[in-house]
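give me a 3D structure for the following:
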Amino acid sequence: MDQPTQMIRPLVETAANPIPIGTRVEALDLGKGKMLRYAITPAASHPAHGTVIVLHGRNECIEKYFETIRDLASRGFTVATFDWRGQGASSRYLRNAAKGFVKSFDDYAADFELLFQSVLLPDCRGPYYILAHSAGALTALVTAPALSNRIRRMVLLAPLLDINSSRTRKMSARIIANTLRSTGLGGTYMLGGPHVLRPFAANEVTSDSARYDRNCGVLDLAPELAIGGPTASWIVAAARAIKRVTKPEYIDTIRIPTLIVAAGADSVVSTPAIERFAVQMRNTTLLTVDGARHEILQEKDFYREQFFAAFDAFIPGTGGDEG
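The predicted structure is shown next:
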């Protein structure tokens with residue numbers, strides 16, 4: 001492969017968001033001068049229970065998960081995570097690097113497969129578990145049929161299976177996005193524009209002001225880690241991935257035991273769509289955290305503790321239901 005032309009962006013820490021102890025950050029060469037930034041944190045307690053792979057949502061970066069990484073490491077897990085292509089400190093794919101862009105969620109899946117084969121298998125102790133949020137959870141579902149013999153269990157947080165909007169608005173957005181992409185304008189912003197740090201009162205994703213301010217502090221220090229709104233191409237790619245993974249015949253191919261956690265007060269993705277999907281999946285447990293907003297891991301302790309109680313009961317799994 002060609003060597004990446006970009007230097008690895010060191011992890012950014014603040015007083016409120018320190019780097020987890022022992023974390024190392026490296027680059028995975030994707031070829032053609034592109035790379036993924038990934039980080040691995042060793043388990044902080046014994047016995048060791050394997051490796052949790054954290055898959056971010058759209059417009060998230062490694063730094064946003066420092067607290068969660070420490071939570072997992074303290075439970076005896078090595079933690080591996082990375083910035084998806086086109087966001088965080090991984091390579092961007094448009095001249096305007098602030099635009100959230102991907103051609104297909106298969107590109108995300110291919111990057112994850114490459115990381116798994118070239119880094120996680122040789123460097124991280126199994127068994128392997130996935131903890132994925134929103135668009136990252138959708139990517140986990142895209143990759144799940146191919147991972148059934150390698151991933152022991154998955155935990156999907158507020159998976160992107162439909163957006164929380166009216167049917168008319170969704171159909172209109174889909175038509176416009178497809179038209180823009182088919183006419184070579186897939187890089188056009190569809191929702192929002194360049195990234196702007198909103199005041200806490202205007203945010204839709206968490207009711208925890210301290211955690212929200214902590215995450216904003218990272219982006220104040222390193223605004224290049226953020227991207228703006230999704231482009232027409234990203235919207236089309238997400239819609240196609242959702243259509244694929246929600247087909248009954250596709251759902252039947254997912255054999256990995258899965259815990260799905262929905263946010264009861266989610267205004268970003270559709271909680272009813274998540275609940276309908278969970279009913280169709282085999283070997284699946286559904287938990288809806290009443291009152292929680294979209295980013296459960298960035299929520300108040302009251303909501304996070306409900307999540308971790310379910311996580312601890314589900315992973316590491318024992319007995320004959322490990323699949």
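
switch to C-alpha atoms for all contacts and neighbour counts from now on
Will do.

close enough to count as contact, residue 127 and residue 151?
Yes. Look at residue 127 against residue 151 with CA atoms under 8 Å: they come within range, at 7.2 Å.

and the two? which has more neighbours close in?
Comparing residue 127 with residue 151 by other CA atoms under 10 Å, the one with more neighbours is residue 151, at 22 against 16.

near the closest residue to that one other than its chain neighbours, how many other residues are there?
In space, residue 151 comes closest to residue 128 once its chain neighbours are excluded; the distance is 5.1 Å by CA to CA, 6 or more residues apart in numbering. Counted with other CA under 10 Å, residues neighbouring residue 128 total 22.

show me where the stretch 151-300 of the chain has helices.
167-182, 209-221, 232-245, 248-251, 271-280 (DSSP state H, counting those that start in this stretch).

want to try JSON lines for the ones you listed, with mean pLDDT and mean neighbour count as columns?
Output for these, formatted as JSON lines (pLDDT from 0 to 100; neighbours: other CA atoms under 10 Å):
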{"stretch": "helix 167-182", "mean pLDDT": "87", "mean neighbour count": "14"}
{"stretch": "helix 209-221", "mean pLDDT": "98", "mean neighbour count": "17"}
{"stretch": "helix 232-245", "mean pLDDT": "96", "mean neighbour count": "21"}
{"stretch": "helix 248-251", "mean pLDDT": "97", "mean neighbour count": "14"}
{"stretch": "helix 271-280", "mean pLDDT": "96", "mean neighbour count": "17"}
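
wait, which of those is closest to residue 110?
helix 232-245 (13.8 Å; CA to CA).

now the closest one, how far from the centre of its chain.
With CA atoms, centre = their mean, to the nearest Å as the basis, helix 232-245 stands 15 Å off its chain's centre.

kindly report the same for stretch 173-180.
The answer for stretch 173-180 is 24 Å, by CA atoms, centre = their mean.

residues in contact with it?
Residues outside stretch 173-180 that contact it (CA atoms under 8 Å, 6 or more residues apart in numbering): 186, 188, 190, 232, 233, 235, 236, 239.

go with 6 Å
186, 232 (CA atoms under 6 Å, 6 or more residues apart in numbering).

name the residue most distant from the centre of the chain?
Here the chain reaches farthest from its C-alpha mean at residue 183, the gap being 29.4 Å by CA atoms, centre = their mean.

got the confidence number for it?
On pLDDT, residue 183 comes in at 92.

check residue 145 too.
96.

could I get the buried residue list for the helix or strand hosting it?
Using DSSP states H and E, residue 145 sits within helix 135-147. Judged by neighbour count (16 or more other CA atoms under 10 Å), helix 135-147 contains these buried residues: 135, 136, 137, 138, 139, 140, 141, 142, 143, 144, 145, 147.

keeping just the C-alphas, turn it into PDB.
Output of helix 135-147 as PDB, limited to C-alpha atoms (Å, rounded to 0.1, in the frame of the first residue of the first chain):
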ATOM      1  CA  ALA A 135     -24.400   5.400  12.400                       C
ATOM      2  CA  GLY A 136     -21.600   3.200  13.900                       C
ATOM      3  CA  ALA A 137     -24.300   0.800  14.900                       C
ATOM      4  CA  LEU A 138     -25.700   0.800  11.400                       C
ATOM      5  CA  THR A 139     -22.200   0.000  10.100                       C
ATOM      6  CA  ALA A 140     -22.000  -2.900  12.700                       C
ATOM      7  CA  LEU A 141     -25.200  -4.300  11.200                       C
ATOM      8  CA  VAL A 142     -23.800  -3.900   7.700                       C
ATOM      9  CA  THR A 143     -20.700  -6.000   8.700                       C
ATOM     10  CA  ALA A 144     -22.500  -8.400  11.100                       C
ATOM     11  CA  PRO A 145     -23.100 -11.400   8.700                       C
ATOM     12  CA  ALA A 146     -19.300 -11.500   7.900                       C
ATOM     13  CA  LEU A 147     -18.400 -11.200  11.600                       C
END
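
centre-most residue in the protein?
residue 56 (2.2 Å).

which regions of the stretch 1-150 of the chain lie under the pLDDT threshold?
Within the stretch 1-150 of the chain, the ranges that satisfy pLDDT under 70 run 1-6.

which parts of it are strands?
24-31, 34-41, 50-55, 77-82, 128-133 (DSSP state E, counting those that start in this stretch).
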